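*Asks:* Okay, predicted coordinates and the sequence, questions at the end:
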Amino acid sequence: MLGKVLTFSATGLVALGWLTGLASSAQAAEEVNVYSYRQPFLIQPMFDAFTRETGIKVNVVFAETGLVERLKAEGRNSPADLIFTVDIGRLADAVAGGVTQAVRDDTLESVIPAAMRDPEGHWFGLTQRARVIYASKDRVPLEAARKLSYEDLADPKWRGKICTRAGDHEYNVALFAAILAKHGEEKAKLWLAGLRDNLARKPQGNDRAQVKAIMEGQCDLALGNHYYYALMLQNEEQFAWAQSAHLIFPDQAGDGTHMNISGMAMTKAAPHRENALKLMAFLVGELAQRMYAEQNNEYPLRAGVDPSGLLASFGDFKRADQALAEVAKMRPAAIRMINEVHYNAGPSS
Amino acid sequence: MANVEVAPRLGHRRAEALWQVGGLLIALAVALPIAAIVWLAVFPSENIWPHLFETVLWDYVDNTVRLMVGVAIGSAVIGVGTAWLVSTADFPGRRLFQWALMLPLAAPTYIVAYVYTDLLEFAGPVQAALREAFGWTSARDYWFPEIRTVGGAIAMMTLTLYPYVYLLSRAAFLEQAGVTREVSRTLGSGPWRTFLRVALPLARPAIVVGVTLALMETLNDFGTVDYFAVRTLTAGVFNVWLTMGNVGGGAQIALVMLGFVVLLILLERLERRRRRYHTLATRHRRARRQRLGSTARWAAFAACLTPVVLGFLIPGAVLLRNAILFAADSWSSRFADFAINSLLLAGGTAILCVVLATFLAYAVRLRGGALLAGAARFASLGYAIPGAVLALGILIPFGAFDNALDGWVRELFGVSTGLLLSGTVAAVMFAYVVRFFALSYGALESGLGRIKPNMEMAARTLGAGPTGTLLRVHLPLMKGTLLTAALLIFVDVMKELPATLLLRPFNFDTLATYVYQFGSSEQLELSALGALTIVAVGLVPVVLLNQAVARDPSEVI
């Protein structure tokens, strides 16, 4: 009987420990806690390298939605030190939600160009991704493709020839917000309606599906992020998709290609502030920036880290230097515009 | 008939009062997150409705309604039809189909959608083979249904959601006393007439619960409709919350979706009004199964085979192929940990949900009362809310509690308690209970409804208290229902994603979250191995359940 009681209590204790996480938080000596909007397998290699170098353990929670709300709810007792995002929008949301703190750090400020960080230090960019045009190798002459700007996508000569994913996906929202910031509401809306009328089909699928549609002959031009090109080239099945299209950096004669960033911010609560600073510095360092370029095919923000391999083969190009904070502010207006022109309903005719 | 109610003993009255209080507490706890979402909805950062009215609202509503109608019809036809066949007719493979028909439940809908998109789109093998065979060259030469549409979404959801209807209506058909149907046959009705006039009306509460569950799942799904770019109200929730930064506005749309469900339930109840659906509750003899003619046998076989092939075998085969091809890239040495986490969470939640739902459903049955019944109904609404929004409803009260307690202890004792509940596995599990409570409560409510009140009157007359009656009369009669409810919850927790992602502790992964990081970064091939593991682990309870049932001669499930 006593044995039974003991077994039962022991099981209960173990269960309670598992449920409340007491067992797992058995104080690692040095650690830093991260909330990440970014898929763990994309950043874990950098975190592992950091742990090897410093002995500081990096704990991660990844979620695609709601981390800012979680930080708000946890308040001053939040265990999180840093927040990682894959676009400027989420960084802006975190700052607007009051869950970040300003960081003044010479290393970060000297490495990250001023346009790619918050003037007050609430967020810092880590890498850049380009929103590019994929153009059919068979049906669009390379010379003509190279001259394309985003604005050209609304030209009626492309009627029925363009594919994109849904307009309200964050990658498109960011691009449309950038156009909005650049041209103002009236012109931007006309442009978006023109692009909508040029669509070959109702917006659908993900970025890679658009390149696949080029191969299938459904469309001649598509919008997509640059790194998918690298991923498709490295994938046995998708190699043929990538082979059917040129990667074109738009707007080379104008302001340059629209760039979004992945970035980081320190939380307001940040219980491990010193370790968090070390991790931030490490991620803008030579080693981590090179890893971002080589493993994720993202453009490093640190000057002097030259992209290698596939990324280098895409060539040099002119990047738009729009202040990202301004673009981020336009997101609510951009989604309204997307709804107003019924972008997701596809071509109107 | 004279009223045979026996005055309960005083102790029993007190017991009944305890059941009432306990039931109310359970209902309130489960309803807490939904209340938090209502609270969120009261404070939008701006009024989104004028904009939505002028632009996309009608598209959202139109798509949502079409999706719901399609899934309701599809899952009812497949679910009820196959359940009727396997429980009343004899045909080749019947024993196998009994459990094989549940299999599509194990696959997450969005994964099935990915698989079918690859197969059926222009460049996929199906259309390529057709072009090859008929010498077509471009998409303009022939017509082929487009998969990324409302119709495609209806098909995908019907394939993965019909098992809810199948399981519940099958349990109902089996618990129907065979004699009811035999009487109908003796009186000269053919099998069709018996089905339409006797069996179907008697099984109505169970079928309604099944279809309602399928519809709630349809409303909370974001992965599939997002991939198909079908803009439903769910898409509106996320656009308003995430892109417009208006969490209150998003919560308002989520509540409008709840309104749809409540309206449906009310309409059905109104129509049903005062009818009751008790069944003879003796350990009844099962009706002999109908022997079918040679054509009908194979027609029944085909009818049961089709949903299994489309909902399970084809997606399973594609996943298996990708899992093998990309095994090296997708394997993680932590796979065993993920599987253990998934199993513990799924098993624990299944038990917890069934116990709580039994308590609540029985409390409602004991002395109903509008308050308790209403609270129970409100508590079951969590299932129709998108998981990420529901998770917000847990973050907020848990965070508030943790910080209040911390502030209080700091003031009194000068030490910090930190966060006790937020970011723990317990919070994740609480989310599951809230999210899936409808599954267990719906099943239990319809299961209890089938038991005639004179059964418990007899037990009570013989001196049993309410608790004894439940344990010795109701539970044994409802074994099939209890197992069904546990199975549904187990499988659903295995697949649960958004709430797990947002509420979990550091470095904590389940199979579903591990799969998702690849799926969400458009590396579907890499997610195949994990998805297959979910399916495989989801199969375990289906098989176990089938064995448990096979041992039990009454074969209730």
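*Replies:* On my side now, so go ahead. Numbering: from 1, shown residues only, chains lettered A, B, ... in the order given.
*Asks:* does the closest residue to residue A:105 other than its chain neighbours count as helix, strand or coil?
*Replies:* Counting by Cβ to Cβ, 6 or more residues apart in numbering or on different chains, residue A:105 lies nearest to residue A:277, which is 6.4 Å off, once chain neighbours are set aside. Yep, even glycine has a C-beta here, placed from its N, CA and C like the rest. Following DSSP: H, G, I helix; E, B strand; the rest coil, we place residue A:277 in the helix state.
*Asks:* what's the burial count for residue A:277?
*Replies:* By other Cβ atoms under 10 Å in any protein chain shown, 19 other residues sit near residue A:277.
*Asks:* and it, how far is that from residue B:506?
*Replies:* In this view, residue A:277 and residue B:506 are 19 Å apart by Cβ to Cβ, to the nearest Å.
*Asks:* ok so, going back, can you give me the pLDDT of the residue nearest to residue A:105?
*Replies:* In this model, residue A:277 is scored at 96, pLDDT.
*Asks:* Please apply the same query to residue B:266.
*Replies:* Residue B:266 carries a pLDDT value of 83.
*Asks:* I'd say residue B:114 and residue B:524 touch.
*Replies:* Yes - counting by Cβ atoms under 8 Å, residue B:524 is a contact partner of residue B:114 at 5.1 Å.
*Asks:* So between these two, which is more surrounded?
*Replies:* Between residue B:114 and residue B:524, counted using other Cβ under 10 Å, residue B:114 has the larger neighbour count: 25 against 22.
*Asks:* Name the residues of stretch A:131-143 that come out as buried.
*Replies:* A:131-136, A:140 (16 or more other Cβ atoms under 10 Å in any protein chain shown).
*Asks:* Can you flag which of those belong to strands?
*Replies:* Among those, the members found in strands (DSSP state E) are A:131-136.
*Asks:* For the stretch 151-300 of chain B, what lies in contact range of chain A?
*Replies:* Taking Cβ under 8 Å from any Cβ of the partner chain as the contact definition, the stretch 151-300 of chain B meets chain A at B:226-229, B:231, B:235, B:238-239, B:241-247.
*Asks:* Convert the helix or strand where residue A:33 lies to PDB, retaining C-alpha atoms only.
*Replies:* Following DSSP states H and E, one finds residue A:33 within strand A:31-36. Extracted in PDB, the C-alpha atoms of strand A:31-36 (Å, rounded to 0.1, in the frame of the first residue of the first chain):
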ATOM      1  CA  GLU A  31      21.400  31.700 -20.900                       C
ATOM      2  CA  VAL A  32      19.500  34.000 -23.100                       C
ATOM      3  CA  ASN A  33      15.900  33.700 -24.000                       C
ATOM      4  CA  VAL A  34      14.500  34.300 -27.500                       C
ATOM      5  CA  TYR A  35      11.000  34.700 -28.900                       C
ATOM      6  CA  SER A  36      11.300  34.100 -32.700                       C
END
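*Asks:* For that strand, enumerate the helices and strands it packs against.
*Replies:* Of the remaining helices and strands, those touching strand A:31-36 by 3 or more Cβ pairs under 8 Å, 6 or more residues apart in numbering or on different chains; DSSP states H and E are strand A:57-62, helix A:67-74, strand A:82-85, helix A:273-283.
*Asks:* Contacts only, for whichever residue of chain B sits closest to chain A.
*Replies:* Chain A sits closest to residue B:399 of chain B, with a gap of 3.1 Å, by Cβ to the nearest Cβ. Residues in contact with residue B:399 (Cβ atoms under 8 Å, 6 or more residues apart in numbering or on different chains) are A:72-75, B:419, B:422.
*Asks:* Of those residues - the most surrounded one?
*Replies:* residue B:422 (26 neighbours).
*Asks:* and that residue, backbone torsions?
*Replies:* phi -60, psi 140 (degrees, to the nearest 10).
*Asks:* Confirm for me that it is in contact with residue B:406.
*Replies:* No - using Cβ under 8 Å, residue B:422 is not in contact with residue B:406; the gap is 10.6 Å.
*Asks:* Common neighbours of those two, please.
*Replies:* Taking Cβ under 8 Å, 6+ apart as the criterion, residue B:422 and residue B:406 both touch residue A:77.
*Asks:* now the residue of chain A found nearest chain B, nearest residue through space, not along the chain?
*Replies:* Ranked by Cβ to the nearest Cβ, the top residue of chain A for proximity to chain B is residue A:73, at 3.1 Å. Spatial nearest neighbour of residue A:73, chain neighbours left out: residue B:399 (3.1 Å); criterion: Cβ to Cβ, 6+ apart.
*Asks:* Look at that neighbour and report its pLDDT.
*Replies:* 93.
*Asks:* Repeat that for residue A:24.
*Replies:* 46.
*Asks:* repeat for residue B:76
*Replies:* 96.
*Asks:* ditto for the one 5 residues further on
*Replies:* Note on residue B:81: pLDDT of 94.
*Asks:* Where does it sit: helix, strand or coil?
*Replies:* helix.
*Asks:* So what's the residue count around the residue nearest to residue A:79 when sequence neighbours are not counted?
*Replies:* Residue nearest to residue A:79 in three dimensions, not counting chain neighbours: residue A:33, with 5.0 Å by Cβ to Cβ, 6+ apart. For residue A:33, the neighbour count with other Cβ under 10 Å is 24.
*Asks:* What residues does residue A:33 make contact with?
*Replies:* Residue A:33 neighbours (Cβ under 8 Å, 6+ apart): A:59, A:79-82, A:271-272, B:506.
*Asks:* same thing but 7 Å
*Replies:* A:59, A:79-81, A:272, B:506 (Cβ atoms under 7 Å, 6 or more residues apart in numbering or on different chains).
*Asks:* Show me the shaky parts of chain A.
*Replies:* A:1-6, A:8, A:10, A:13-14, A:20-28, A:308, A:349 (pLDDT under 70).
*Asks:* what residues go with each domain of it?
*Replies:* As recorded under automatic domain parsing, the domains making up chain A are A:29-127+A:260-313, A:130-258+A:319-345.
*Asks:* re the thing from before, and the residue nearest to residue A:73, how far from residue B:392?
*Replies:* For residue B:399, the distance to residue B:392 - Cβ to Cβ - is 10 Å.
*Asks:* got it, and residue B:184?
*Replies:* Residue B:184 is 51 Å from residue B:392, by Cβ to Cβ.
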